[in-house]
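K.L.:
structure, please.
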Amino acid sequence: MVESPFKPNILKGKVALITGGGSGIGFEISTQFGNHGASVAVMGRRRQVLDDAVAVLRSKGIQAIGLEGDVRKQEDAARALETTVKHFGKLDILVNGAAGNFLISPEDLSPNGFRTVMEIDSIGTYTMCHEALKYLKATAGIGPSTGGLILNISATLHYTAAWYQIHVSAAKAAVDSITRSLALEWGTDYNIRVNGIAPGPIGGTPGLRKLVPDEVLAKRREQMPLYRVGERWDIAMAALYLASDAGKYVNGHTMIVDGGLWLSRPRHISKEDVKALSRVVEKKSRLSEHQASMEHQTATDHKVGEIAMLEHFGNLYQEEGPRNVLQLAPQLHTFRLQPMQPNLQEDSLQGSGLQLW
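P.N.:
Numbers count the residues shown, from 1 in each chain. Below is the predicted model:
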């Protein structure tokens, strides 16, 4: 594990509640917050997972408690927040990390399954924010080290589209909207910053094991800009930045931490083939330009000659009259007679080889 670039006391005196904080990304955030001076409360639905997580945190010297509850239930949210404040005296940071996900095609996804994910991710996030407001307002004084913070864990799935993830894409799009709206309103009225983090594939998490089996992951690595999956530590460092004074002017932003993966597309042609193709295209382009230039020059020369000849014969006509001009007709195939020559009649041209236009 890479050593943290942050000072160990950057969150000293802060109190954080992390939903989904007993495992995966949430547990790493709980650990790093604690390592950097914060007291943490982890919330989840499985008692044993919570107990194990709290035991590990306390073994590291971190002040921690576990709170069993379901973020979809308003009474559970209210109880968890109230217990946190009673135990630690206040609340500075709320991290909404609880989420549900599974792979399924839309035609196989029931409305109830869609609703379940929406309720956990989006409604659960809003419920926790709503119930946390009164506590965050109490610590939201004016100054760089004060003010409440909400961090919503999102995703990048909805930035374009993702196979078999219609439910989560919709839920995370809602989470991002909640982040922006609360950042605007609560940032203005209560000095509460609201930001998000959108992780890419993170190794060592239940989500990655469930959604991207090792066999599939091995094939996808070559499509990843950094040729690797992320670590839970990467997400926790982003959370530390946003929770610390270093991020005190960041509000309403969802930070993408995925190594650029959401921007990537499969490489359908190698670099070597691209170079060879480019040379062929450049050669053809130059030949086409040269040919076009020659044809243009030829057409231009022909037009200039024709104009000069017409001017010449026009002048002769005015000076010598039509009969003298027609003596030179065999030198022409076509003579374009200008409107300024009204006296030259069609019968004057018979047998001359000239055409009257």
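K.L.:
and Lys12, how far from Ala138?
P.N.:
Note on Lys12: its distance to Ala138, by Cβ to Cβ, to the nearest Å, is 19 Å. Quick note: C-beta positions are derived from backbone N, CA and C, even for glycine.
K.L.:
then Gln291?
P.N.:
Gln291 is 78 Å from Ala138, by Cβ to Cβ.
K.L.:
those two: which has the busier surroundings?
P.N.:
Legend: neighbour count by other Cβ atoms under 10 Å for Gln291 and Ala138, higher for Ala138 (14 against 10).
K.L.:
for the residue nearest to the more buried one when sequence neighbours are not counted, give me its contacts.
P.N.:
Leaving out its chain neighbours, the residue that sits closest to Ala138 by Cβ to Cβ, 6 or more residues apart in numbering is Lys90, at 6.7 Å. Each residue near Lys90 by Cβ atoms under 8 Å, 6 or more residues apart in numbering is listed here: Val15, Tyr135, Ala138, Thr139.
K.L.:
between these, which has the most around it?
P.N.:
Going by other Cβ under 10 Å, Val15 tops the contacts of Lys90 with 22 neighbours.
K.L.:
before we move on, what SS does Gly196 have?
P.N.:
When classified by DSSP: H, G, I helix; E, B strand; the rest coil, Gly196 comes out as strand.
K.L.:
that one: how many residues sit nearby?
P.N.:
Residues contacting Gly196 under the criterion other Cβ under 10 Å number 25.
K.L.:
give the contact list for it.
P.N.:
Applying Cβ under 8 Å, 6+ apart, we find Gly196 in contact with Leu151, Asn152, Ile153, Ser154, Val175, Asp176, Thr179, His253, Thr254, Met255.
K.L.:
which helix or strand contains the last one?
P.N.:
Following DSSP states H and E, one finds Met255 within strand 254-257.
K.L.:
partner strands of that strand, with direction?
P.N.:
Partner strands and pairing direction for strand 254-257 (DSSP bridges) are strand 193-199 (parallel).
K.L.:
neighbouring contacts of stretch 10-20?
P.N.:
With Cβ under 8 Å, 6+ apart, stretch 10-20 has contacts from 26, 29-30, 33, 36-44, 67, 71, 80-81, 84-85, 88-99, 124, 128, 132, 153, 240, 243-246.
K.L.:
from those residues, which ones fall inside strands?
P.N.:
Counting by DSSP state E, the contacts of stretch 10-20 place Ser39, Val40, Ala41, Val42, Met43, Gly44, Leu67, Ile93, Leu94, Val95, Asn96, Ile153 in strands.
K.L.:
any idea what the fourth one is bridged to?
P.N.:
So that's Val42. Ile18, Gly66.
K.L.:
I'd say it and Ala53 touch.
P.N.:
Yes. Counting by Cβ atoms under 8 Å, Ala53 is a contact partner of Val42 at 5.5 Å.
K.L.:
neighbour count: those two, which is higher?
P.N.:
Neighbours per residue, other Cβ under 10 Å: of Val42 and Ala53, the larger number sits with Val42, 30 against 24.
K.L.:
so what pLDDT did the more buried one get?
P.N.:
Looking at Val42, its pLDDT is 98.
K.L.:
ok, so what distance separates it from Ser23?
P.N.:
9 Å.
K.L.:
which neighbours do those two share?
P.N.:
Between them, Val42 and Ser23 share the contacting residues Ala53, judged by Cβ under 8 Å, 6+ apart.
K.L.:
identify all contacting residues around the helix or strand hosting Lys134.
P.N.:
Per DSSP H and E, Lys134 falls inside helix 124-138. Residues from elsewhere that reach helix 124-138 (Cβ under 8 Å, 6+ apart): 17, 19, 70-74, 77-78, 81, 85, 90-92, 94, 96, 98, 148-150, 152, 175, 178, 182, 186, 190, 192, 194.
K.L.:
chain center to that helix: distance?
P.N.:
Centroid separation for helix 124-138 versus its chain: 28 Å, with Cα atoms, centre = their mean, to the nearest Å.
K.L.:
flag every buried residue along it.
P.N.:
Of all the residues in helix 124-138, those buried under the rule 16 or more other Cβ atoms under 10 Å are Gly124, Thr125, Tyr126, Thr127, Met128, Cys129, Glu131, Ala132, Leu133, Tyr135, Leu136.
K.L.:
and which of the residues you listed is nearest Val274?
P.N.:
If you rank the buried residues of helix 124-138 by distance to Val274 using Cβ to Cβ, Thr125 comes first, at 43.8 Å.
K.L.:
not counting its neighbours along the chain, what's nearest Arg232?
P.N.:
Distances taken as Cβ to Cβ, 6+ apart put Glu28 closest to Arg232, at 3.6 Å, once the chain neighbours are dropped.
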